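Peer 1: Starting from these lines, generate the structure:
(chains A and B)
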Number of protein chains: 2
Amino acid sequence: MSIYDFKWSADEKKVARIAFDKAYQREMEEIKNALTEKVKELQNEKDVWALHDYLTERRKLVDRKYDYRYSQLILVFSQLIREGNLSIIELSDLTDDKIELIMKLSSNE
Amino acid sequence: MSIYDFKWSADEKKVARIAFDKAYQREMEEIKNALTEKVKELQNEKDVWALHDYLTERRKLVDRKYDYRYSQLILVFSQLIREGNLSIIELSDLTDDKIELIMKLSSNE
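Peer 2: Below you'll find the model as predicted:
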């Protein structure tokens, strides 16, 4: 079975949705905080456009990363854990095979 | 003669450059201040992307507006005066025909 073909029960879908949304909120909070800091340090016009470039890049990455398709969730959760926006504990109600795979993939790369 | 064909003396070019740069700096300062205010009011993730959209739009407008080609300067200065980022006094060393035209165009639209 490929990692794209796991079955997700109704309960697992709830757990997954909550974890996904929390990670998203954490990342957005981090961007908000980064913005607040960067705005304090604005000196000249170039800094304004550098800030715009920063937001453009973060938005592109966020849009790409937060892909809530069940076929993608194992990979998405692995990345979120690797990057520190999610803890495996928040996924502890998933089936063991999913948890093992997510942990394995999150420690690679 | 069309408005695109004025001759600009060396002295006029200096005056034009200084006025153009000042207007640009004022507009960037305004964007910087708007940014500072908007960041203070950030509430949720949608506000972060709304701020990004705001910057994208302002950048596009600024890039389009600040066109330092002598063929365009009469129109550029008219717009800058109309929008309040430049005063006709800052262009008082240009020839009378240019000043008259800029004033006329800046009050139209």
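
Peer 1: Let me see the residues that make contact with stretch A:76-85.
Peer 2: Here stretch A:76-85 makes contact (Cβ atoms under 8 Å, 6 or more residues apart in numbering or on different chains) with A:16, A:19-20, A:23, A:26-27, A:30, A:65-68, A:86-88, A:91, A:101-103, A:105-107, A:109. For glycine as for every other residue, the C-beta is placed from the backbone atoms N, C-alpha and C.

Peer 1: Recalculate using a threshold of 7 Å.
Peer 2: By Cβ atoms under 7 Å, 6 or more residues apart in numbering or on different chains, the list of residues contacting stretch A:76-85 from outside reads A:23, A:26-27, A:65, A:67, A:86-88, A:91, A:102, A:105-106, A:109.

Peer 1: Throw those into CSV and include distance to residue B:57, thanks.
Peer 2: Shown next, in CSV, are those (distance: Cβ to Cβ, whole Å):
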residue, distance to residue B:57
A:23, 29
A:26, 28
A:27, 24
A:65, 25
A:67, 27
A:86, 33
A:87, 38
A:88, 41
A:91, 39
A:102, 40
A:105, 39
A:106, 38
A:109, 37
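
Peer 1: pLDDT weak spots in chain A?
Peer 2: A:1, A:109 (pLDDT under 70).

Peer 1: most distant residue from the middle of chain A?
Peer 2: Largest separation from the mean C-alpha position in chain A: residue A:44, at 32.5 Å (Cα atoms, centre = their mean).

Peer 1: Generate a PyMOL selection restricted to the buried entries among the contacts of stretch A:76-85.
Peer 2: PyMOL command restricting these to the buried ones, with burial defined by 16 or more other Cβ atoms under 10 Å in any protein chain shown:
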select buried, chain A and resi 23+27+65+86+91+102+105+106
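
Peer 1: Keep only those of the contacts of stretch A:76-85 that are in helices.
Peer 2: Among the contacts of stretch A:76-85, DSSP state H puts A:23, A:26, A:27, A:65, A:102, A:105, A:106 in helices.

Peer 1: What parts of chain A come near chain B?
Peer 2: Proximity of chain A to chain B, by Cβ under 7 Å from any Cβ of the partner chain, involves residues A:28, A:31-32, A:35-36, A:39, A:42, A:45, A:48-49, A:52, A:55-56, A:59.

Peer 1: out of these, which are buried?
Peer 2: Buried, going by 16+ other Cβ under 10 Å: A:28, A:31, A:32, A:35, A:39, A:42, A:45, A:48, A:49, A:52, A:55, A:59, out of the residues of chain A next to chain B.

Peer 1: Next, the contact list for the spatially closest residue to the last one that is not a sequence neighbour, please.
Peer 2: Of all residues not flanking residue A:59 in the chain, residue B:52 sits nearest, at 5.9 Å (Cβ to Cβ, 6 or more residues apart in numbering or on different chains). Each residue near residue B:52 by Cβ under 7 Å, 6+ apart is listed here: A:55, A:56, A:59.

Peer 1: Please identify which of those residues is nearest to chain B.
Peer 2: residue A:55 (4.3 Å; Cβ to the nearest Cβ).

Peer 1: Find the residue at the geometric middle of chain A.
Peer 2: By Cα atoms, centre = their mean, the mean C-alpha position of chain A lies nearest to residue A:80, the distance being 4.0 Å.
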